[in-house]
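Trainee: predicted model follows, preceded by the sequence.
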Amino acid sequence: SNWCTYYWEGQDCHEWKQFVTVVLDGEAQRFNTSLFSTCPNTCGTCTPPTCGPGLWRNSIQHSCAECPIGHYAAGTRSGAAALSCIASRPGFHVMVVGEDIEQPCPPGSFSEMAAQDSCGLCPPGRFVSMSAASACVACEPGWF
């Protein structure tokens, strides 16, 4: 499953509150932060989910979710590296959710901003002959 597996005193639990008695104000927040944000690097009591290509780790729901349109995630990631997806660069786009790679804009089209879901066609009087363009250039006089 996509849920994180949490270990507390050798037990596998989905809700840490079942196994932890919180006494002081603020202790719950501190424990929650250390368990879900800094593990497994420091405390070693939990294992956040390892998210596959096209997925990121939702630290609130403790599960993997698909990258949104305009973003991607290459390879399998865990820990802090999996907390977000990568926005596609200018000249590239990501058309569907859950992608693991950004696609270059084809010749004749461009994308001037990051995190785009498509590439636009060069307007009349402008062109681009290569892929992955972030802008179109003006045509020479007499061409369009």
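Mentor: Noted; the coordinates are in hand.

Trainee: return the backbone torsion pair for Arg89.
Mentor: Arg89 has phi and psi values of phi -80, psi 160 when expressed as degrees, to the nearest 10.

Trainee: report the contact partners of the nearest residue to it once chain neighbours are set aside.
Mentor: Counting by C-beta to C-beta, 6 or more residues apart in numbering, the nearest residue to Arg89 once its immediate chain neighbours are dropped is Ala114, at 5.9 Å. Glycine gets a C-beta too; all of them are placed from N, C-alpha and C. When contacts are counted by C-beta atoms under 8 Å, 6 or more residues apart in numbering, Ala114 is found next to Gly70, Ala87, Ser88, Arg89, Pro90.

Trainee: who wins for neighbours among these?
Mentor: Most neighbours among those, by other C-beta atoms under 10 Å: Ser88, with 26 neighbours.

Trainee: would you agree it is in contact with Glu102?
Mentor: Yes. Between Ser88 and Glu102 there is a contact under C-beta atoms under 8 Å: 4.1 Å.

Trainee: so what sits against both of the two?
Mentor: Tyr72, Val94.

Trainee: so which residues of the chain form helices?
Mentor: Secondary structure of the chain, counting by DSSP state H: helices at 27-33.
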